[in-house]
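In: Build me a structure from this.
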Amino acid sequence: MMRDFYLWANSYCKISCEQMKYIRDAYHDCFNDTCQISAFLEKITTDDRMPPKIKNKIEKYSSFLSNLVDLKHEMNKRNISFITIDDSVYPESLRQIYDPPYVLYYRGDINVISDMHKKIAIVGSRKGSEYGKNATKYFSSSLSKCGFIIVSGMAKNIDYYAHKYCVDSGGRTIAVLGTNIDKIYPLENKALYSEIIESGGLILSEHNFDEATQAYHFAVRNRIISGLCSGVIVVEAEEKSGALITADCALQQDRNVYAVPGSIFSSLSNGCNELIAQGAKSVRKVENILEDYEIFEKKEELFIEKNKLFLKNSGNTNTSCDNILLDDISEEVISIEERTIFDIISSRGAIDIEQISLISGYNISDVTYIVEKLLILDLVVEQGFNRYAPNIL
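Out: Residues are numbered from 1 along each chain as shown. Presented below is the predicted three-dimensional model:
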């Protein structure tokens, strides 16, 4: 009964989350009851404690209750499902925020939303630079491979790359829309919308398919992005940016806030640099994030594999030396491109990014990304600014 009440209240009556919170607090016993919606609405409209604004909405749209059958039929035709705040699959992390959405419409695998999964948001400017793109690629790919669900808003640039590189890395991602569930915005994200669903991810919105999009919807949905997650990473943001709204929501919800530092000469880094100055954690490596979640399983497994390879090749069974023969590491651990860059670094002893790019033929942004991955795997070490050498210890 109450699922239909929530659907009606959201789709027709347009009762806000704050107003629904008031109703739930006032009639919490009724939400476990099996009474009919009409009887429940009559109880509300005759209650002198209930604010007139809520009573007027309910009285105005009560006749639309009969339209629910047709509405649900149309939703089924469009492959749109919904969950409510009382459903067991609704994540407790989101339920505990100040104004949780009481209905969420979705396409994809709703189980991704479960609290059992580690979720982290990656957000940033719609004007993001090449630096922002590469930083997003690095964090999204690395964290998804560590088992994180990547959450973002499917906007232009940073949001897009957060979803895209997660999917490309074999991970799953959640897109929280500022539009209704049926509206893809911007339109160039149409392919990404499908990719997210096909890869086992989830598209979410608190607005049904026929609701007109309002400008404020984009800012309001940011509380859902942060509410689903244990932390928020801001990659690039100007001083006035929607990404900073998400960071503010995260702080209010007692979530971890991370910021990727950037150039003092770039307006796109002003927001991140200010967040860091105010106490957000500066992140330059994925380990800066993982250390907060005690997730080092993959790195530890790699260490064990590398050490076993060394012992096999050296014949020494009493040393903890971590030197390796890279040829013995499987392609699941290191890609062909990463192997190529590692071979170049190994053959030169120490070399800078520009020289690696010149020798390999890869552009500098790709080389930077690959070297960062090799750093995470402890295959190379830094030797000065933009200069790297093989890790022989």
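In: Please count neighbours and contacts with C-alpha atoms only from this point.
Out: Fine.
In: where does this protein have low pLDDT?
Out: Across the chain, the ranges flagged by pLDDT under 70 are 32-35, 294-333, 392-393.
In: Report the beta-bridge partners for the residue most central in space within it.
Out: Centroid-nearest residue in the chain: Val151, 1.5 Å away (criterion: C-alpha atoms, centre = their mean). Counting by DSSP bridges, Val151 forms beta bridges with Ala121, Ile174.
In: For it, give its distance to Phe209.
Out: 21 Å (C-alpha to C-alpha, to the nearest Å).
In: mind checking the SS state of Leu104?
Out: Judged by DSSP: H, G, I helix; E, B strand; the rest coil, the three-state class of Leu104 is strand.
In: Excluding residues flanking it in the chain, which one is nearest Asn256?
Out: Closest residue to Asn256 apart from its sequence neighbours, by C-alpha to C-alpha, 6 or more residues apart in numbering: Gly231 at 4.3 Å.
In: Just to check, the residue nearest to the centre of the chain is in contact with Leu177?
Out: No - counting by C-alpha atoms under 8 Å, Val151 stays clear of Leu177, with 10.8 Å between them.
In: And for the residue nearest to Asn256, the neighbour number?
Out: Counted by other C-alpha atoms under 10 Å, the residues lying close to Gly231 total 24.
In: residues contacting it?
Out: Lys119, Ile120, Ala121, Ala250, Arg255, Asn256, Val257, Tyr258 (C-alpha atoms under 8 Å, 6 or more residues apart in numbering).
In: By neighbours, which of the residues you listed wins?
Out: Result: Ala121 is most packed of those (other C-alpha under 10 Å), 31 neighbours.
In: Distance across stretch 221-239, terminal residue to terminal residue?
Out: End-to-end distance (C-alpha to C-alpha), stretch 221-239: 20 Å.
In: Same question for stretch 4-16.
Out: Terminal residues of stretch 4-16 are spaced 16 Å apart (C-alpha to C-alpha).
In: what comes up buried for that stretch?
Out: In terms of neighbour count (16 or more other C-alpha atoms under 10 Å), stretch 4-16 has its buried residues at Phe5, Tyr6, Leu7, Trp8, Ala9, Asn10, Ser11, Tyr12, Cys13, Lys14, Ile15.
In: Helices along the stretch 1-150 of the chain, start to end?
Out: Taking DSSP state H, counting those that start in this stretch as the test, the helices found in the stretch 1-150 of the chain are 2-8, 17-26, 37-45, 52-61, 68-77, 92-95, 130-145.
In: ok, now the stretch 201-350 of the chain?
Out: So, for the stretch 201-350 of the chain - with DSSP H, counting those that start in this stretch - the helices run 216-220, 222-227, 242-252, 270-277, 287-290, 297-314, 336-348.
In: Contacts for the shortest one, please.
Out: With C-alpha under 8 Å, 6+ apart as the contact definition, helix 287-290 has outside contacts at Tyr258, Ser282, Val283, Phe296, Ile376.
In: Likewise for the second one?
Out: In this structure, residues lying in contact with helix 222-227 by C-alpha under 8 Å, 6+ apart are 93-94, 97, 100-101, 121, 151-153, 176, 232, 245-247, 249-250, 253, 255.
In: if we go to 6 Å?
Out: Applying C-alpha atoms under 6 Å, 6 or more residues apart in numbering, the contact partners of helix 222-227 are Leu94, Thr246, Cys249, Ala250.
In: Could you do stretch 345-362 as well?
Out: Here stretch 345-362 makes contact (C-alpha under 6 Å, 6+ apart) with Asn363, Ile364, Asn386, Arg387, Tyr388, Ala389, Pro390.
In: buried residues in it?
Out: Buried-residue list, stretch 345-362, by 16+ other C-alpha under 10 Å: Ile345, Ser346, Ala350, Ile351, Asp352, Ile353, Glu354, Ile356, Ser357.
In: Please determine how far the spatially closest residue to Met154 that is not a sequence neighbour is located from Glu372.
Out: Leaving aside its chain neighbours, Met154 sits nearest to Tyr160 (5.3 Å; criterion: C-alpha to C-alpha, 6+ apart). Distance, Tyr160 to Glu372, using C-alpha to C-alpha: 21 Å.
In: Show the subsequent helix or strand relative to the helix or strand Ser357 falls within.
Out: Using DSSP states H and E, Ser357 sits in helix 353-360. Per DSSP H and E, the first helix or strand lying C-terminal to helix 353-360 is helix 364-376.
In: That next one to helix 336-348, inter-axis angle?
Out: With axes from the mean of the first three to the mean of the last three C-alpha atoms, to 10 degrees applied, the angle from helix 364-376 to helix 336-348 works out at 80 degrees.
In: Please enumerate residues in contact with helix 364-376?
Out: Glu338, Ser357, Val380.
In: hmm, back to that, show me what contacts the residue nearest to the centre of the chain?
Out: Applying C-alpha under 6 Å, 6+ apart, the residues contacting Val151 are Ile120, Ala121, Thr173, Ile174, Ala175.
In: mind running it again at 10 Å?
Out: 113, 119-123, 140, 159, 162-163, 166, 172-176, 201-202, 224-226, 228-229, 232 (C-alpha atoms under 10 Å, 6 or more residues apart in numbering).
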